[in-house]
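> give the three-dimensional model of this entry:
(one chain, ligands or ions: 2)
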Amino acid sequence: MFDAIIVGAGLSGLYALHRLRGLGLRVKVFEAGDGVGGTWHWNRYPGARCDVESVDYSYSFSPELEQEWIWTERYPGQPEILAYLDHVADRFDLRRDIQLGTRVRAARFEGRWHVTTEAGEQASARYLVMATGCLSVPKPVEVDGLASFGGEWYHTGRWPHEGVDFTGRRVGVVGTGSSGIQSIPIIAEQAGHLTVFQRTPNFSLPAFNRPLAPETLRAVKAAYGERRRLARETHSGIPAEPAVQSAHEVDPDERRARYQAGWERGSLVGILGAYTDLLIDRAANDTAAEFVRSKIRELVEDPAKADLLSPRDHPFGTKRPCLDSGYFETFNRDDVTLVDVRADPIAQITPKGLRTAAGAEYELDTLVFATGFDAMTGALTAVDLRGADGRSLRRTWEAGPRAYLGLAVAGFPNLFTVTGPGSPSVLSNMVVSIEQHVDWIADCLAFLDGRTIEATAEAQQAWTAHVAEVGAATLYPTADSWYMGANVPGKPRVFMPYAGGVALYRQLCEEVAAKDYEGFTITR
Ligand code: FAD
Ligand code: NAP
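Ligands and ions are numbered 1, 2, ... in the order given. Here you go, the predicted structure:
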């Protein structure tokens with residue numbers, strides 16, 4: 001019997017446990033993995049690295065933690081982030097309430113939440129916090145014949161802890177999203193030969209990663225409060241001065257100089273944050289997209305390859321761009337082959353490798369699927385969640401997710417989702433969004449003092465309409481992205497995150513709380 005059960009022990013679940021425990025609640029965390037860290041526990045593929053600077057992709061809730069922890073790189077790699085999260089778990093004595101290796105299969109609300117694990121264990125709590133992650137359910141391999149494959153295969157999102165030795169092997173990587181783009185240069189260095197199967201090229205910018213100089217870290221730490229405040233007041237949760245001009249207001253030379261400076265900054269917001277209209281006006285966006293394509297042409301020696309690597313099907317930024325280390329240059333190697341599986345799709349995995357629809361055969365020893373995730377809703381609908389009167393979340397969301405503030409769902413009392421659909425989450429520096437959600441949930445539980453809370457259908461309807469309206473005013477819905485559910489066959493095409501930005505969103509959430517949780521029904 002607990003006050004709260006939290007599902008997941010990534011950045012969200014760890015902080016939620018700390019905050020809820022601080023309220024004096026009895027809390028239990030169930031985590032499917034055999035370690036804490038979530039994303040950074042599972043995604044151990046070579047080159048896995050953050051696309052937000054370490055000093056910003058870190059908790060702000062503890063000034064002591066902030067001061068003690070020493071980041072060694074501008075963009076930390078997976079091992080360093082995992083070490084940080086392991087440290088957090090120890091430093092705040094979190095492990096004693098975390099049950100690892102335990103996947104929650106079902107949860108039903110009957111006055112309390114009754115949770116069942118895959119092993120059949122039962123537990124109950126007044127409140128259920130789903131800290132299950134937006135990118136934690138890898139897509140299954142969608143090509144026939146995998147069972148017949150004679151070599152080894154891996155998904156980047158379920159990488160073996162002991163690592164993979166590619167030395168001398170003929171390796172195939174399917175997928176050129178962030179996971180593919182990060183891993184391809186490193187796999188290319190090790191492999192005998194690498195074949196990259198690309199369906200859609202992606203925009204990618206150089207990270208210009210480097211060791212973090214002690215004096216840089218000292219300067220950040222001396223003004224951390226201000227830096228965090230600035231991050232919270234931005235659109236993306238990444239501290240930067242906001243754009244003030246439209247891309248149309250400046251002449252092409254000035255614009256190019258501005259994009260060049262953004263490129264050299266090595267940051268997600270360097271170019272995208274240059275002008276106010278890059279994500280709302282196609283012509284403005286084209287100026288930035290063409291700048292990135294011109295860089296690809298400079299980096300890739302073979303013009304035909306450069307062309308194939310140049311994204312044209314979606315506006316720049318409408319899929320999360322990648323920050324890479326030597327991605328495009330990798331295609332200048334003569335032991336790397338780029339295959340266009342848009343023109344000639346993968347038809348079959350064979351005992352020896354891959355066959356395309358046109359009959360081309362690729363012999364491979366190792367296959368790496370960097371094919372992404374059932375994002376935002378996948379981990380929530382994977383659990384058989386039953387709200388009031390046995391209502392199923394899976395069924396409720398059949399036509400797309402509907403939630404109030406991305407935090408709660410009508411018909412599911414006392415259920416909270418951390419960075420759920422309808423919140424800025426994946427469009428932002430996730431740590432900023434996670435802390436904001438967990439703080440909101442913790443404050444709400446303190447206010448409730450054991451009472452029951454449920455989003456009203458009207459408030460949920462209004463918020464869902466607002467999320468759709470704000471999304472429709474941007475270029476995001478024009479891309480076949482995982483933000484749109486477009487990467488999963490059969491998933492409804494709905495723009496899932498909230499594009500209003502983290503600053504506005506925080507303000508709206510605070511207003512709801514200040515009005516005694518407007519849009520919710522609270523009962524004894
Ligand atoms: P997660 O870290 O996904 O943790 C969720 C946990 O819940 C997982 O450990 C999972 O095992 C567990 N879980 C799920 N379902 C169940 C269940 N039914 N029962 C029990 N346990 C369950 N964001 C950024 O802002 N910047 C980045 O640079 C960045 N890089 C990323 C790189 C990769 C490779 C990926 C996949 C994502 C990246 N993200 C990044 C997004 C990243 O997911 C978030 O930044 C953050 O780590 C999410 O934390 P979380 O705790 O909400 O979810
Ligand atoms: P992703 O962005 O969804 O990319 C998946 C890739 O696989 C795409 O190129 C996709 O092509 C391809 N693909 C999927 N199914 C395919 C199929 N059946 N046949 C051929 N190709 C197929 O997934 P991801 O790269 O794992 O990244 C997901 C998100 O995680 C990122 O957007 C980012 O938010 C986060 N992430 C961040 C970092 C980082 O830089 N810190 C690193 C990794 C991940 P299509 O585009 O044609 O579908």
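> which residues sit in contact with Ala306?
Ala306 is in contact with Ile296, Arg297, Leu299, Val300, Phe328, counting by C-beta atoms under 8 Å, 6 or more residues apart in numbering. C-beta here means a position set from N, CA and C on the backbone, and glycine is covered the same way.
> and if you look at Arg524?
By C-beta under 8 Å, 6+ apart, the neighbours of Arg524 are Arg451, Thr452.
> quick one: the helices in the stretch 101-250 of the chain, in order.
With DSSP state H, counting those that start in this stretch as the criterion, the stretch 101-250 of the chain has helices at 178-190, 214-222, 224-232.
> for the longest one, name the packing helices and strands.
Read that as helix 178-190. Helices and strands touching helix 178-190, by 3 or more C-beta pairs under 8 Å, 6 or more residues apart in numbering; DSSP states H and E, are strand 170-174, strand 193-198, strand 322-324, helix 327-330.
> 10 Å - rerun?
Helices and strands touching helix 178-190, by 3 or more C-beta pairs under 10 Å, 6 or more residues apart in numbering; DSSP states H and E, are strand 170-174, strand 193-198, strand 204-206, strand 322-324, helix 327-330, strand 336-340, strand 366-369.
> so does the next helix-or-strand element following the last one get close to ligand 2?
Going down the chain from strand 366-369, the next helix or strand is helix 378-381, by DSSP states H and E. No. Using C-beta under 6 Å from any ligand atom, helix 378-381 never reaches ligand 2; the gap is at least 11.7 Å.
> any residues touching the next helix or strand after helix 378-381, and which ones?
Next along the chain after helix 378-381, taking DSSP H and E as the criterion, comes strand 384-386. Contact partners of strand 384-386, identified using C-beta atoms under 10 Å, 6 or more residues apart in numbering, comprise 104-110, 113-116, 128, 130, 391-397, 409, 411-412, 415.
> what's the answer for stretch 344-364, then?
Contacts for stretch 344-364 (C-beta under 10 Å, 6+ apart): 141-153, 169-174, 193-195, 197, 199, 337, 339-341, 343, 365-367.
> check the offset of it from the chain's centre.
30 Å (C-alpha atoms, centre = their mean, to the nearest Å).
> what's the answer for stretch 186-199, then?
24 Å.
> over to stretch 301-318?
On C-alpha atoms, centre = their mean, the centre of stretch 301-318 falls 23 Å from that of its chain.
> which strand runs longest in this structure?
strand 122-130 (DSSP state E).
> pairing partners for that one, with directions?
Sheet pairing here is set by DSSP bridges, and for strand 122-130 it gives strand 2-7 (parallel), strand 113-117 (antiparallel), strand 415-417 (parallel).
> pull out the buried residues from it.
Ala123, Ser124, Ala125, Arg126, Tyr127, Leu128, Val129, Met130 (16 or more other C-beta atoms under 10 Å).
> and it, average pLDDT?
Average pLDDT, strand 122-130: 98.
> could you do stretch 421-434 as well?
98.
> first-to-last residue distance for it?
13 Å (C-alpha to C-alpha, to the nearest Å).
> can you say which of the contacts of strand 384-386 are buried?
104, 107-109, 113-116, 128, 130, 391, 393, 396-397, 409, 411-412, 415.
> just the residues you listed that are near ligand 1?
Near ligand 1, by the rule C-beta under 6 Å from any ligand atom, you find Val104 out of the buried ones among the contacts of strand 384-386.
> what strand or helix carries the residue nearest to Gly485 when sequence neighbours are not counted?
Spatial nearest neighbour of Gly485, chain neighbours left out: Lys491 (3.8 Å); criterion: C-beta to C-beta, 6 or more residues apart in numbering. For Lys491, there is no enclosing helix or strand under DSSP H and E.
> tell me how many other residues crowd Lys491.
Neighbour count of Lys491, defined by other C-beta atoms under 10 Å: 17.
> again, but for the one 10 residues further on
For Gly501, the number of neighbouring residues by other C-beta under 10 Å comes to 19.
> quick check: the gap between it and Glu361.
Distance, Gly501 to Glu361, by C-beta to C-beta, to the nearest Å: 48 Å.
> what's the answer for Arg74, then?
42 Å.
> higher neighbour count, the two?
More crowded of Arg74 and Glu361, by other C-beta under 10 Å: Arg74, with 19 against 12.
> show me the contacts for that one.
Going by C-beta under 10 Å, 6+ apart, the list of residues near Arg74 reads 50, 53-55, 207-213, 216, 266-267.
> appreciated, that's everything.
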